[in-house]
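Peer 1: predicted coordinates and the sequence they were generated for:
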Amino acid sequence: QEEAGLAALYGQKPGEVKVADLDGNGKIDGNDRMILGTNRPDWVGGLQINGRWKDLDFSVDCYGELGALARDTYSTDFWSSEMGRWNTVKVDYWTPENPTNCNPRPVAGQSVKYLSAVGYHKNNYVNIRNITVGYTLPKTLFNDKSVVKKLRVYATANDPVHYSKFINSGGISWWEAFYIFGVNLQF
């Protein structure tokens, strides 16, 4: 009941998007619009590891960012059309039985007030950009008369792992991994 009374002060109902009256004038208006954060990360880093053991070689390249805000148009587009009620995306939205702060209450057929306020999330992530493993065949397999002097086979995975709590498109990762298998020949 207390939440209903507080929401009614701003012309809203429980479970709708809560926004702050930043200028303290008792109403939500254009003076209260402010993005609390930045798209510039607090930290950016990377790590590259290369190694060799006998005829086996490997490399791993990863990087990440912490502290930046990202605009999540999926959340705002998704909720404005209320598609979460009719597709297979699991939606943790507010109901009287589930008073969560994850997503606003469903309002099919109506626009959601202040929906753009839920479109910003921390975009902390770690990405393994490249993993390569190779094996060079021993030189003893090739003699002076061989056309091939050296042969290396390898497998590479580009962008195989992307970890983030913020996954654009509602848990459906847009991050594409691809794999390469190859042979290096030296004549």
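Peer 2: Good, I have the coordinates.
Peer 1: below-threshold pLDDT in the chain: ranges please.
Peer 2: For the chain, the stretches flagged by pLDDT under 70 are 1, 73-91, 108-112, 166-175.
Peer 1: let's verify the residue nearest to residue 27 when sequence neighbours are not counted: helix, strand, or coil?
Peer 2: Distances taken as CB to CB, 6 or more residues apart in numbering place residue 21 nearest to residue 27, at 7.0 Å, with adjacent residues excluded. For every residue, glycine as well, the C-beta is placed using N, CA and C. Three-state secondary structure (criterion: DSSP: H, G, I helix; E, B strand; the rest coil) places residue 21 in coil.
Peer 1: contacts only, for residue 21.
Peer 2: By CB atoms under 8 Å, 6 or more residues apart in numbering, residue 21 lies in contact with 10, 27-28, 32.
Peer 1: go with 10 Å
Peer 2: Residue 21 is in contact with 9-10, 27-29, 31-32, counting by CB atoms under 10 Å, 6 or more residues apart in numbering.
Peer 1: which residue sits farthest out from the middle of the chain?
Peer 2: Most distant residue from the mean C-alpha position of the chain: residue 145, 53.8 Å away (CA atoms, centre = their mean).
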